[in-house]
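Novice: Got a predicted model here, sequence first, then my questions.
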Amino acid sequence: MSELGVLFRAILHQDWTQDYPDVWSAVDYFRSSPDRQSVLAAHREVVEILSREMSETQLLALLDDYDCGYWPPGDNSTATVFLTRLEVELRPQNAVPAQCHAERSAAITEHRAKVRQADVGEARREPGLKGLLGGYLYFGWTSDYDSVWDAVADFVAAADDADVARAHKDVVELLAKRLEDDHLTDILNDDLRTGYSPDTDGMTPTQFLTQLELELRPLGSG
């Protein structure tokens, strides 16, 4: 992968707004990299692209070929304007001191935390099992809980009784389908959007859901 490809595909990836507040913050992070040669190589690539005097349609197609997640028309801009400014930002004389990289990283971490908090809040409004797995066992849940069962206990304590009962019912119905573990993994990851992998605790999805059913079971039930 070329250095410009690293910027377009690895930093301005398809979900780049989850990591950076705007496109130029992402570019700023890239150009603050201690690896100056990578930034210079990316600059040369942009200069070479602009020298071709391609049409707007061709430039957009080029961004698509790079698998760039940033789409200028969606930002009320054009590929020409974007690449022209990118060339300026990546010029050697505009290099960011290497010591600023830590500051950029801290700012990005703060942004990611805010995005995660918003995503978690939205997920917790989902009913039943989806609210539990997506809102409490989200991606990065280990930063807030010592174990999966601590997260489950937090859900039981915070949610209303009807929502806990709905989550329990969802688990019972899912287990009743007697699905293969590979299928359950797909459901947990893709449909229920959980960041928890049972295998990290030495469990299969079936074993996890079986224990989860017990944890959510109403007191006094069989």
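Specialist: Nice, thanks for sending it over. Residues are numbered from 1 along each chain as shown.

Novice: Flag the helix or strand of this protein with the lowest per-element mean pLDDT.
Specialist: Least confident helix or strand of the chain, by mean pLDDT, DSSP states H and E, is helix 100-124 with a mean of 61.

Novice: can I get the CA coordinates of the following helix or strand past that helix in PDB?
Specialist: Scanning forward in sequence from helix 100-124 by DSSP states H and E, the next helix or strand is helix 128-135. The C-alpha coordinates for helix 128-135 follow below in PDB (Å, rounded to 0.1, in the frame of the first residue of the first chain):
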ATOM      1  CA  GLY A 128     -34.300  -6.100  25.500                       C
ATOM      2  CA  LEU A 129     -31.200  -8.100  24.700                       C
ATOM      3  CA  LYS A 130     -30.100  -5.700  22.000                       C
ATOM      4  CA  GLY A 131     -29.900  -2.900  24.600                       C
ATOM      5  CA  LEU A 132     -27.900  -5.100  27.000                       C
ATOM      6  CA  LEU A 133     -25.400  -6.400  24.500                       C
ATOM      7  CA  GLY A 134     -25.000  -3.200  22.400                       C
ATOM      8  CA  GLY A 135     -25.300  -0.800  25.300                       C
END
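
Novice: Give the buried residues for the next helix or strand after helix 128-135.
Specialist: The helix or strand immediately downstream of helix 128-135 is helix 148-158, counting by DSSP H and E. Residues of helix 148-158 classed as buried: 148, 151-152, 155-156 (neighbour count, 16 or more other CB atoms under 10 Å). The way it works is simple: take the backbone N, C-alpha and C, and place the C-beta from them, glycine included.

Novice: I'd like the mean pLDDT over helix 148-158, please.
Specialist: For helix 148-158, the mean pLDDT works out to 93.

Novice: again, but for stretch 56-75
Specialist: The average pLDDT for stretch 56-75 rounds to 94.

Novice: buried residues in it?
Specialist: Buried, per 16+ other CB under 10 Å, within stretch 56-75: 59-60, 62-63, 66, 68-70, 72.

Novice: Report the two of these separated the most.
Specialist: Farthest-apart pair in these is Leu59 and Gly69; separation 15.8 Å (CB to CB).

Novice: that older thread, can you redo the buried residues of stretch 56-75 as CSV with secondary structure and distance to Lys130?
Specialist: Formatted as CSV, the buried residues of stretch 56-75 follow (DSSP: H, G, I helix; E, B strand; the rest coil; distance: CB to CB, whole Å):
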residue, secondary structure, distance to Lys130
Leu59, helix, 41
Leu60, helix, 37
Leu62, helix, 39
Leu63, helix, 35
Tyr66, coil, 35
Cys68, coil, 32
Gly69, coil, 26
Tyr70, coil, 30
Pro72, helix, 35
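
Novice: could you dump those to JSON lines with distance to Phe30?
Specialist: Below are the buried residues of stretch 56-75 laid out as JSON lines (distance: CB to CB, whole Å):
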{"residue": "Leu59", "distance to Phe30": "19"}
{"residue": "Leu60", "distance to Phe30": "21"}
{"residue": "Leu62", "distance to Phe30": "18"}
{"residue": "Leu63", "distance to Phe30": "16"}
{"residue": "Tyr66", "distance to Phe30": "14"}
{"residue": "Cys68", "distance to Phe30": "13"}
{"residue": "Gly69", "distance to Phe30": "13"}
{"residue": "Tyr70", "distance to Phe30": "12"}
{"residue": "Pro72", "distance to Phe30": "17"}
